[in-house]
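quick check, what structure comes out for this input:
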Amino acid sequence: MDAIKLLKNDHDEVRELLAALEESTARALKKRRDLVAKIAALLEAHTTIEEEIFYPAFKAAGQKSDDDKMYFEALEEHRAAGELVLPDLLGTDPGSEKFSGRAKVLKELVEHHADEEEKEMFPRARKLLTRDELATLGEQLEARKAELLP
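All right, here's what the predicted structure looks like:
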């Protein structure tokens, strides 16, 4: 599977989990805990493989200042979600109103980030990298993801 298809599949999976979390009620404590744990694990693995493998390849192939801007913006969005919003959500009582608000903010942040990648970075990557390079990156992403999500 090529790198972009693998990353897009991750986006779709996280979107589904976040939608299920948003639709859950304050009474569904176990369901909310389970969903947040799955989301956290998937986001951590996804951001790791992007930052270790895909983003460096994109940056190395980049030719314009816009490519650098996309790269650094994507890193900052990862930081915002992974170091600020997600830890707050993990530490929040799943039966509280605060939980619902934080889940919504995480969902909006992840959706914005995924949409930007899919509309801007991925099409640009298809221009900068050959099919073979994307296939090789896909294999590397898949192998690393398997290590992170046994």
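
so residue 29 touches residue 96, yeah?
No. Using C-beta atoms under 8 Å, residue 29 makes no contact with residue 96, being 10.4 Å away. C-beta coordinates here come from the backbone N, C-alpha and C atoms, glycine included.

those two: who's more crowded?
Between residue 29 and residue 96, counted using other C-beta atoms under 10 Å, the more crowded position is residue 29 (14 against 11).

what distance do you get for that one to residue 92?
For residue 29, the distance to residue 92 equals 12 Å [C-beta to C-beta, to the nearest Å].

kindly report the same for residue 121.
31 Å.

which one's more surrounded, the two?
Taking neighbours as other C-beta under 10 Å, residue 121 and residue 92 compare with residue 121 leading, 22 against 18.

so the more buried one touches residue 61, yeah?
No. With contacts counted by C-beta under 8 Å, residue 121 stays clear of residue 61, the gap being 11.5 Å.

my read: residue 133 touches residue 58, true?
No. Look at residue 133 against residue 58 with C-beta under 8 Å: they stay out of range, at 10.6 Å.

which secondary structure state is assigned to residue 147?
Per DSSP: H, G, I helix; E, B strand; the rest coil, the secondary structure class of residue 147 is helix.

might you report the residue contacts of it?
Neighbour list for residue 147: empty [criterion: C-beta atoms under 8 Å, 6 or more residues apart in numbering].

how near is it to residue 96?
Counting by C-beta to C-beta - residue 147 and residue 96 are separated by 35 Å.

for residue 8, same thing?
From residue 8 to residue 96 the distance is 33 Å (C-beta to C-beta).

assign the residue of the chain most remote from its centre to helix, strand or coil.
Among residues of the chain, the one most distant from the C-alpha centroid is residue 27; the distance is 27.5 Å, by C-alpha atoms, centre = their mean. Classification of residue 27 by three-state DSSP places it in coil.

tell me the pLDDT at it?
Residue 27 carries a pLDDT value of 92.

thanks a lot, catch you later.
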